[in-house]
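K.L.:
okay, sequence plus prediction incoming.
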Amino acid sequence: MLSTTKVRAASVLGAVAVVGALSLSAVPANAAGAEISVASTTFTIGDWGSGLAVTGSGFDLSADVTVSLVDVEPTGTVELDSTITASDDTGAIVLDWTPSVDADLPADADYDHGYLAVVATDGSGNTAAEVPLTLLWEKGIWTSSDTITTAELIDPDGGVTVAAGGYTPGESVAVTITYAGYTFTHTETADRFGLVGFTWTIIGGTVEAGTIEFTFDGATSGLSQSISVAVTGPAIEVGGAPEDSTTPATLTPAGDPVASPRVSG
């Protein structure tokens, strides 16, 4: 789904509704010595891979320990899924677990600050400190449509949205756009999920039928991805010198960044 206001992840992608999510209004103090670790903490949005390999110690002896996947937000923490495992006679746990929810932020998450984490607690309230997880968009490039009309291309509320994933968070990405014999260049920064996205329009010159070619080149990753969009319709004189405009498009980990994903490279 195309979104230019809020990431639903983000991904590339379909929103995940968490039914019966529990708000955690209070979190017990971390028990002295109670701790957990997760073997791998980085996941591709929408894919848990081989799952969460959790180990821990310092819990009640030979007792049930609840391991939870939580969404941590500035407004509070919400449990998304949980499972129960038994500690051994030393208070240690070993668990391989794949949550039943996707590896995405919830649809209503704070895109800039929310994150997923793993926590664990026993019946006595001994709670290990959370282990944050990192979500990254898979490699790929997408557009909001395969085709756009000349009228839509000059519409301030229209344009075409393009997004590319698989970059290093914070990486500088050079964007080259060729259309109607002109080349436009921009530099974007990959967000914390490794995604670059914007909505593109023409605000000067002439628009005509043809092809728009978008190319994204990562400065440090070396990842280069390209995609094209066909332009149809009569030529329209906008006036002035050829000029384009890019508008930030916030794309959610919990949802398709665009309507028609097409992977390149």
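P.N.:
Structure's in. What do you need? Numbers count the residues shown, from 1 in each chain.

K.L.:
buried residues in stretch 220-236?
P.N.:
Within stretch 220-236, the residues that qualify as buried are L223, Q225, I227, S228, V229, V231, I236, counting by 16 or more other C-beta atoms under 10 Å. Every C-beta, even on glycine, is put in place using the N, C-alpha and C of the backbone.

K.L.:
for the helix or strand where the fourth one lies, which strands pair with it and how are they oriented?
P.N.:
Pointing back at S228 there. Assigned by DSSP states H and E, S228 belongs to strand 224-232. Strand pairing for strand 224-232, determined by DSSP bridges: strand 147-149 (parallel), strand 210-218 (antiparallel).

K.L.:
run through this protein and note the low-pLDDT ranges.
P.N.:
1-32, 250-265 (pLDDT under 70).

K.L.:
distance between the strand holding S228 and the chain's centre?
P.N.:
Offset of strand 224-232 from its chain centre (C-alpha atoms, centre = their mean, to the nearest Å): 22 Å.

K.L.:
same question for stretch 217-237.
P.N.:
Per C-alpha atoms, centre = their mean, the centroid offset for stretch 217-237 relative to its chain is 21 Å.

K.L.:
and the end-to-end length of it?
P.N.:
This stretch, stretch 217-237, spans 31 Å end to end (C-alpha to C-alpha, to the nearest Å).

K.L.:
and for stretch 59-76?
P.N.:
End-to-end span of stretch 59-76 (C-alpha to C-alpha): 25 Å.

K.L.:
can you pull the buried residues of it?
P.N.:
F59, D60, V65, V67, S68, L69, V70, D71, V72, E73.

K.L.:
again with stretch 136-152
P.N.:
Of all the residues in stretch 136-152, those buried under the rule 16+ other C-beta under 10 Å are 136-144, 148-150, 152.

K.L.:
send the alpha carbons of that stretch over as PDB?
P.N.:
Extracted C-alpha coordinates of stretch 136-152, given in PDB (Å, rounded to 0.1, in the frame of the first residue of the first chain):
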ATOM      1  CA  LEU A 136      15.800  -3.800   7.900                       C
ATOM      2  CA  TRP A 137      14.100  -3.600   4.500                       C
ATOM      3  CA  GLU A 138      15.100  -6.200   2.000                       C
ATOM      4  CA  LYS A 139      17.000  -5.300  -1.200                       C
ATOM      5  CA  GLY A 140      14.500  -4.100  -3.800                       C
ATOM      6  CA  ILE A 141      13.100  -1.100  -5.600                       C
ATOM      7  CA  TRP A 142       9.400  -0.200  -6.000                       C
ATOM      8  CA  THR A 143       7.100   2.400  -7.500                       C
ATOM      9  CA  SER A 144       3.500   3.400  -6.700                       C
ATOM     10  CA  SER A 145       2.600   2.700 -10.300                       C
ATOM     11  CA  ASP A 146       4.000   1.200 -13.500                       C
ATOM     12  CA  THR A 147       2.400   4.100 -15.500                       C
ATOM     13  CA  ILE A 148       1.600   7.700 -14.800                       C
ATOM     14  CA  THR A 149      -0.100  10.400 -17.000                       C
ATOM     15  CA  THR A 150       1.400  13.700 -17.800                       C
ATOM     16  CA  ALA A 151      -1.400  15.400 -15.800                       C
ATOM     17  CA  GLU A 152      -0.600  13.300 -12.800                       C
END
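
K.L.:
so which of the buried residues of stretch 59-76 sit within strands?
P.N.:
V65, V67, S68, L69, V70, D71, V72, E73 (DSSP state E).

K.L.:
having no further points to raise, I will conclude here.
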